[in-house]
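A.B. asks: predicted model follows, preceded by the sequence.
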Amino acid sequence: MNCSQAVELLSEYYADALDENIIIEIKTHLLECQPCVGIFDDVTLIVTTARILRDGEHIPYPDEQVLWQRLTVARH
Ligand SMILES: [Zn+2]
């Protein structure tokens, strides 16, 4: 698994929506790739913040999919 594959799968990884063998591949990649660990930390923060804002405050806020698209665009 390379970095772009790992990054593409991170949101599903976070959502726990992947097969076990794919999860193992991502975990293995994260062990040996510090940049992807940084991205994963950012994603965790984005998703957590989005959920708090959406669920707690009931204010309009971009949903996770929009944030993901922004993150993807920013990286290309
Ligand atoms: Zn990587």
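C.D. replies: Thanks, I have it.
A.B. asks: the lowest-mean-pLDDT helix or strand in the chain near the ion at all?
C.D. replies: The least trusted helix or strand in the chain, going by mean pLDDT, DSSP states H and E, turns out to be helix 64-75, with a mean of 71. No. Under the criterion of C-beta under 5 Å from the ion, the ion is not reached by helix 64-75; the shortest gap measures 11.7 Å. (Each C-beta comes from the backbone N, C-alpha and C, glycine too.)
A.B. asks: so which elements touch that helix?
C.D. replies: When contacts are defined as 3 or more C-beta pairs under 8 Å, 6 or more residues apart in numbering; DSSP states H and E, helix 64-75 sits against helix 3-14, helix 34-52.
A.B. asks: adding mean neighbour count and distance to the ion, write these out as CSV.
C.D. replies: Conversion of those to CSV gives the following (neighbours: other C-beta atoms under 10 Å; distance: least, C-beta to the ion, whole Å):
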stretch, mean neighbour count, distance to the ion
helix 3-14, 16, 3
helix 34-52, 14, 3
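A.B. asks: in JSON lines, list those along with mean pLDDT.
C.D. replies: Formatted as JSON lines, those follow (pLDDT from 0 to 100):
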{"stretch": "helix 3-14", "mean pLDDT": "86"}
{"stretch": "helix 34-52", "mean pLDDT": "86"}
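A.B. asks: to Ile22, which of those helices lies closest?
C.D. replies: Minimum separation from Ile22 across the helices and strands packed on helix 64-75 (C-beta to C-beta) falls at helix 3-14, 6.7 Å.
A.B. asks: quick one: the closest one to helix 34-52, angle?
C.D. replies: On the basis of axes from the mean of the first three to the mean of the last three C-alpha atoms, to 10 degrees, helix 3-14 is oriented at 30 degrees to helix 34-52.
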